[in-house]
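# heads up, no residue letters with this:
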């Protein structure tokens, strides 16, 4: 997914968990879209600017706690179904990201 986003000329910052909390907060507070696989790193969405969107690659459940948190904070939420260990639908990702990205 990161490679595809970069090929679409998105300014991508990868959060690996090796960054300090301050570095993560700075990166996320400047993001237009927080996108990634379902996991605890999505709790960082509390630092997103008010115009941002959330895109979660998730397995079989339609709604997750991340959806609930994003909705309660007023962020548009998009989900791409992806089974763990499988490749993401890159075309679907592109369509969702085009919706999620602010104009």
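Received the coordinates, thanks. What you see is a predicted model, and the numbers here were worked out from it, not measured in a lab.
# how many other residues sit next to residue 12?
By other C-beta atoms under 10 Å, the residues close to residue 12 number 15. Heads up, the C-betas are built off the backbone N, CA and C, glycines and all.
# next: the one 3 residues further on.
Other residues within reach of residue 15 by the criterion other C-beta under 10 Å amount to 15.
# one more: the one 5 residues further on?
When neighbours are counted by other C-beta under 10 Å, residue 20 registers 8.
# what about the helix or strand hosting residue 95, average pLDDT?
Using DSSP states H and E, residue 95 falls within helix 90-100. On average, the pLDDT along helix 90-100 is 72.
# helices or strands up against that helix?
If you count contacts as 3 or more C-beta pairs under 8 Å, 6 or more residues apart in numbering; DSSP states H and E, helix 90-100 packs onto helix 2-7, strand 33-37, strand 53-58, strand 77-81.
# can you do 6 Å?
In terms of contacts (3 or more C-beta pairs under 6 Å, 6 or more residues apart in numbering; DSSP states H and E), helix 90-100 is packed against strand 53-58, strand 77-81.
# would you mind listing the buried residues in stretch 71-82?
Judged by neighbour count (16 or more other C-beta atoms under 10 Å), stretch 71-82 contains these buried residues: 75, 77-80, 82.
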